[in-house]
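I'd like to go over a predicted model; first the sequence, then the structure.
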Amino acid sequence: MPVTRERVDPQRDQSELGLVHRRWLVPDDVRRPVSLPQLARLWRGLIELGVLSARDEVRLHRFGGQPADMPAPASPGALLAGAGSASLVTQVVWTDEEGRRDPYALEGEPDPEGFRDYTLYAMDGPRLLLPIPPAAWICSRCQKRSAPELPRFGEGALLDLETPLCACGGMPDLETDRGELRSGAIFLAQELCCRAALSIELPRAPQSEELPDARVSELLREAFGSTDELEDDEVPPAE
């Protein structure tokens, strides 16, 4: 089930609850290690740069547990404590708040104006995140298609590398199994999975395909290495 976020940090009003643009920033190689200390430094850096609000609360959720609100400055430490689990931290901010930094700003102006919903996913252990869950999984051993019921986590789904995904009993093979998206596009499993992700929701797609803010881009490179960007346009907002 999706995360239910009844938060005390800035909320979108009812006029903002239409379809939104969601952008996923992920490491471009699922084999690259991304440690919890790296992700904690990234989240702390977003707070220190003013991308996130240090005054408002952040919601922390570990897979299988109950979400909990906490002061933003405490959330990097909470990420560090998530060894062996799948965790996410999330906060909504508004671009018109004093001192707010928008990674997509062009010539100092937010692009677009409005809310930003930042969610950082941290996978530690045998699970990977599927930011865009596939509609079908194609097993490389028996070549059969299936529609596995993958557990949802946040706005993505989790893939357990130690649990058979096909009726033939084969474990997921990232190099040879394939996933088919709802659009009909088919990718190798390794191209659909990641060990960490930063999800950013905006009212509409920004003009720039990459983050114009050099400081924020540097933070991401330090945590993720080289990155890919996935887009979900015209999707329901995170719950």
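Nice, I can see it. Just so we're clear, the structure is a prediction, and the values are computed from it rather than from any experiment. Numbers count the residues shown, from 1 in each chain.

rest of the way, CA atoms for contacts and neighbours
OK.

domain map for the protein?
In terms of domains, the chain is parsed into 20-128+194-230, 132-191 (source: automatic domain parsing).

export those to JSON lines and tack on mean neighbour count, mean pLDDT and distance to Pro237?
Listed next are the domains of the chain as JSON lines, based on neighbours: other Cα atoms under 10 Å; pLDDT from 0 to 100; distance: least, Cα to Cα, whole Å:
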{"stretch": "domain 20-128+194-230", "mean neighbour count": "19", "mean pLDDT": "95", "distance to Pro237": "6"}
{"stretch": "domain 132-191", "mean neighbour count": "17", "mean pLDDT": "91", "distance to Pro237": "9"}
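
is it fair to say Leu120 lies in a strand?
Yes: looking at Leu120 with DSSP: H, G, I helix; E, B strand; the rest coil, it is inside a strand.

measure it to Leu25 for me?
In this structure, Leu120 and Leu25 are 10 Å apart, going by Cα to Cα, to the nearest Å.

got any residues that touch both of the two?
Ala197, Leu198, Ser199 (Cα atoms under 8 Å, 6 or more residues apart in numbering).

mind checking how far the last one is from Asp117?
For Ser199, the distance to Asp117 (Cα to Cα) stands at 8 Å.

check the first one too.
The spacing between Ala197 and Asp117, counted by Cα to Cα, is 13 Å.

and if you look at Leu52?
Applying Cα to Cα, the value for Leu52 to Asp117 is 10 Å.

joint contacts of those two?
Shared contacts of Leu52 and Asp117 (Cα under 8 Å, 6+ apart): Gln91, Val93.

is it possible to export the shared contacts of Leu120 and Leu25 to a markdown table including distance to Cys166?
Putting the shared contacts of Leu120 and Leu25 into a markdown table (distance: Cα to Cα, whole Å) gives the following:
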| residue | distance to Cys166 |
| --- | --- |
| Ala197 | 26 |
| Leu198 | 29 |
| Ser199 | 29 |
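
closest one to Ala214 out of the residues you listed, please.
Nearest to Ala214 out of those is Leu198 (Cα to Cα; 16.3 Å).

check contacts around the closest one.
By Cα under 8 Å, 6+ apart, the contact set of Leu198 is Trp24, Leu25, Val26, Tyr118, Thr119, Leu120, Tyr121.

pretty sure the second one is touching Ser226, no?
In other words, Leu25. No: Leu25 is not in contact with Ser226 according to Cα atoms under 8 Å; the separation is 10.0 Å.

longest helix in the chain, by residue count?
Among the segments of the chain that qualify as a helix by DSSP state H, the longest is helix 36-48.

return that helix as PDB; C-alpha atoms alone will do.
What follows is helix 36-48 as a C-alpha-only set of coordinates in PDB (Å, rounded to 0.1, in the frame of the first residue of the first chain):
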ATOM      1  CA  LEU A  36      23.700   4.900   4.100                       C
ATOM      2  CA  PRO A  37      26.400   7.400   5.100                       C
ATOM      3  CA  GLN A  38      26.400   8.800   1.500                       C
ATOM      4  CA  LEU A  39      22.600   9.100   1.500                       C
ATOM      5  CA  ALA A  40      22.600  10.700   5.000                       C
ATOM      6  CA  ARG A  41      25.100  13.300   3.700                       C
ATOM      7  CA  LEU A  42      23.000  14.000   0.700                       C
ATOM      8  CA  TRP A  43      19.800  14.600   2.800                       C
ATOM      9  CA  ARG A  44      21.800  16.700   5.300                       C
ATOM     10  CA  GLY A  45      23.200  18.700   2.400                       C
ATOM     11  CA  LEU A  46      19.700  19.400   1.000                       C
ATOM     12  CA  ILE A  47      18.700  20.800   4.400                       C
ATOM     13  CA  GLU A  48      21.900  22.900   4.800                       C
END
